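Engineer: Pasting the sequence and the predicted coordinates here, then a few questions.
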Amino acid sequence: MSNLSHIDEAGNASMVDVSDKKITSRTAIASGKVSFPKSVFETLAGQDFLGKKGSIIQTAVIAGIQAVKKTSELIPLCHQLSLSKVHIEIVPFENSSLKITCTVKCNEKTGVEMEALTGVSVSALTIYDMCKALSHDIVISDIQLNEKTGGKSDYRS
């Protein structure tokens, strides 16, 4: 088993030193879903996902993009990155749910997996916040990294 990259030899939290790494093009794609009771989903879909607070989907997209840009402020050992692209897509999915996909790109010394995962998470939380008046039986699930490219190794789930 390899060592945890954010723990030093003494067991203390430590930010990874990326100063000797090469700048490469890096991409990460994460996804997750928000599931609703069937009647709630049908109501939302019938209203084109517009609620009293405005467009549920567009508000969640904007919240997710803002979160991606603030990941290093939210996750203590993440590096600040100069992002090249953030794209969040939220679409109706199977079994009365919305699927969220977040793609993040940068040219940096470290990857953007945490940014993509943060974008999905905050988008999902925003959907929950905007819909909780209809039901608290809303479930956020399946948040995962689907793919990362660039750097030392690539990954695909």
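Structural biologist: Nice, I can see it.
Engineer: next structured bit after the least confident helix or strand in the chain by mean pLDDT?
Structural biologist: Within the chain, no helix or strand scores below strand 50-51, which has a mean of 84 by mean pLDDT, DSSP states H and E. Of the helices and strands lying after strand 50-51 in sequence (DSSP states H and E), the nearest is strand 54-55.
Engineer: neighbouring strands for that following strand, and are they parallel or not?
Structural biologist: strand 50-51 (antiparallel) (DSSP bridges).
Engineer: Please enumerate the helices of this protein.
Structural biologist: With DSSP state H as the criterion, the chain has helices at 38-46, 56-69, 71-74, 113-131.
Engineer: any idea which of those helices is most buried?
Structural biologist: helix 113-131 (a mean of 23; mean count of other CB atoms under 10 Å). Using the backbone N, CA and C atoms, a C-beta is placed for each residue, glycine as well.
Engineer: and it, what other elements does it pack with?
Structural biologist: Packing contacts for helix 113-131, counted by 3 or more CB pairs under 8 Å, 6 or more residues apart in numbering; DSSP states H and E, involve strand 24-35, helix 56-69, helix 71-74, strand 83-93, strand 97-108, strand 139-149.
Engineer: Perfect, that will be all.
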